[in-house]
Every structure is written in C-alpha cells, then in structure tokens.
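Q: got a predicted structure here, sequence first:
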Amino acid sequence: MSIDLYQECADLVNQVPKGMVTTYGAVAKALGDDIAKRAVGVMLNSYSPPIKMPCHRVVYSGGGLGGFAYGLPKKMEMLGQEGVFEKDGKIAEFENIFFNKFKTTWPLKKARAEQLKMAKDVSLADPNKLPTRILGLDASYIGTRAFAAGILFDIKNKKVVNTFRAGSKVNWPYVPTYLGFRELPVFRPIIEEAGDDSILMLDGNGILHPFAFGIACHIGVELGVPAIGAAKSLLCGKADSAACKDFGAATPVRLNGKQIGTELRTSARAKPIYVSPGHMMSMPSSVRITVNVSRLKIPEPIRLAHIEATAMRRAEL
C-alpha cells in the first residue's frame, strides 16, 4: 500500500476556507483515526515543497491558538488578514467558524484494514532452519528525511559482520500502531542489500500490538522473512514486572488473557524490554535469541544500528 500521509493531510487542510479554522483532532478524524492528532501537528510543521497547506488555519480544540512554525504573532497576522481574530488567547467566535466538513478518502482506515488483512498471514512457527545472523534495523529522522542503518550480527560469535546504510524521503510521520507504513520503505533497501539469510530485529513490536500487527509483523509478512520486535516500552497488555528482576528473567505480557509478548530483563541495572515475534518466529525463540545478543538494555544489533543511524543524521546537521 502506497499512501503519502503528508499529501493526504495537506489535501484536507487545503479544504478549510479563508475566514474559518479547524483543529488537529478534526484533521486526524478525517484522516481516519483520532490517534493521529499529534502526528497532524508534526506534519504541519515538517512538510516540504511541493506540498502546500495553510497551517495557520489549524488550532487547538476549543479555539486555543495552537502552534506555528513562524510564531504565534505571524499566525494571528495571517488569520487576521482572513477575518479571524483572537480574544482572550483563543479564536473569537470559534464555534461559528469551525470547519470539519471534509471530503476524505479515509487513508488511515484503509491502512488499518490492510494491517488486519495482512495479520492473518503472520506465522508464529520457527523456520525449519533458524538463520545464524540477525539484521538489526533502526532509523533517525530530520523532518521528512530518514537515515537508516542495518547491523548484520553473528548470533553465536556476538560480532558485527557488516554494516548497511540508506537514506530516503518519508511519506509518513510517526503514528502510534502504524509504524510499519513509515519504516518499511526506509528499511527495504537495506534488507534487500543484506540478503535473506538473517532474522530481522526491529526497535518496535511484533504481535505485541492492539491489532497483533506491529512493525516486525508488517515487514516480516511483506518481505517473507523472520522478524522479531524488541520495544523499549509497553504498548499494550499487562505483565507481572515484579517477577522480572534478574538478567534473562522473562514474564508473559497478556492481553485479554492471551500472551502477546514477553517482558524481558536484558540488563540487571536497566528497565526490561518487551519482545514479541513478528513473523516466522516462535515466542520462545524470539526471547532466547534476544537474550543471546544482549549486553546492555537494548539488544546489540539494534543498539548499534541506532548509533549508526544517529551518526548519519548528525553528519547532515
């Protein structure tokens, strides 16, 4: 599925007439999911040509002025030229000039439907022969530019075999539970260059996801490769953290009585991480392999990928 969410957002904001305003939440709802409210703000502040949108017409719910890349005085100047004014720190007569009659293609609803369809293809069984290497993946961002790194890591010898790099433009901001749509295009060149004889490890979730389809599932199913998700924080479900104190200790993460992941202690001094299979991996193998390649809190393949991606981004600043 190819959706440019920045363009979709621009198409909505461009529907707001002069003399009227809308809200971040209204735009998110028109995109198809209220969860994208914060992402709308990100898109308004980080889009680039040829996309155009009148960002000054988007305000907080209830008429609060919201933010603006060029400062609030400039925002109110532009609104004033269109007949919209401020009163006591809010948009005057907000209820009378609020616009939400969008014509929309519901892109996020389409994306969610695609996730649910692909989730049916997730396999939680190990391949006949487990690869002996992990390809750790991570990306760093400047606006709509991505800097991605892949670390090919030998599981047995605990050594880096190769490093891969790629850069690209991104068409999605970060939207919780939709991460695969943002990062699959970013990582695809690295995965293809590295070959298919490795297990992907991603800084994100597999089936530990409200719809059982995190980024490790998305990329694993789309490319037909084994994948594991290793997230720094708990997205959903509950775990008995008190039972997870020593290195290698693991306790199930459950949602509606079903195990969807594992809270795993990869460092005696740090908080646990949350591991879940993405595709072509079992829960026990996902946990065992993650322990084998961990030295600090974050498993080495994705920790080193993060360092490399961050260095790439900083080199561009």
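A: Thanks, I have the structure now.
Q: quick one: residues contacting residue 76.
A: For residue 76, the contacting residues are 65, 85, 86, by Cβ atoms under 8 Å, 6 or more residues apart in numbering. For every residue, glycine as well, the C-beta is placed using N, CA and C.
Q: drop anything exposed from the residues you listed.
A: Among the contacts of residue 76, those classed as buried by 16 or more other Cβ atoms under 10 Å are residue 65.
Q: got the contacts of residue 76 as TSV, with secondary structure columns?
A: As requested, the contacts of residue 76 are exported to TSV (DSSP: H, G, I helix; E, B strand; the rest coil):
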residue	secondary structure
65	coil
85	coil
86	strand
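Q: just the contacts of residue 76 now: which is nearest residue 195?
A: Lowest distance from residue 195 to the contacts of residue 76 (Cβ to Cβ) belongs to residue 65, with 51.9 Å.
Q: pretty sure that closest one sits against residue 89.
A: Yes - applying Cβ atoms under 8 Å as the test, residue 65 and residue 89 come out as touching, 6.8 Å apart.
Q: and the most centrally placed residue in the chain, what does it touch?
A: The centroid of the chain falls nearest to residue 179 when counting by Cα atoms, centre = their mean (3.0 Å). By Cβ under 8 Å, 6+ apart, the contact list for residue 179 reads 204, 214, 215, 218.
Q: likewise residue 136?
A: 150, 151, 153, 201, 299, 300, 301, 302, 303, 304, 305.
Q: distance check, it against residue 271.
A: From residue 136 over to residue 271 the distance is 20 Å, taken as Cβ to Cβ, to the nearest Å.
Q: next: residue 15.
A: For residue 15, the distance to residue 271 equals 44 Å [Cβ to Cβ].
Q: these two: who's more crowded?
A: residue 15 (20 against 13; other Cβ atoms under 10 Å).
Q: check the secondary structure at the more buried one for me.
A: Quick answer, by three-state DSSP: residue 15 is coil.
Q: any idea which element the residue lying closest to it once chain neighbours are set aside lies in?
A: Excluding the flanking residues, the one nearest residue 15 by Cβ to Cβ, 6 or more residues apart in numbering is residue 102, at 5.7 Å. Counting by DSSP states H and E, there is no helix or strand that carries residue 102.
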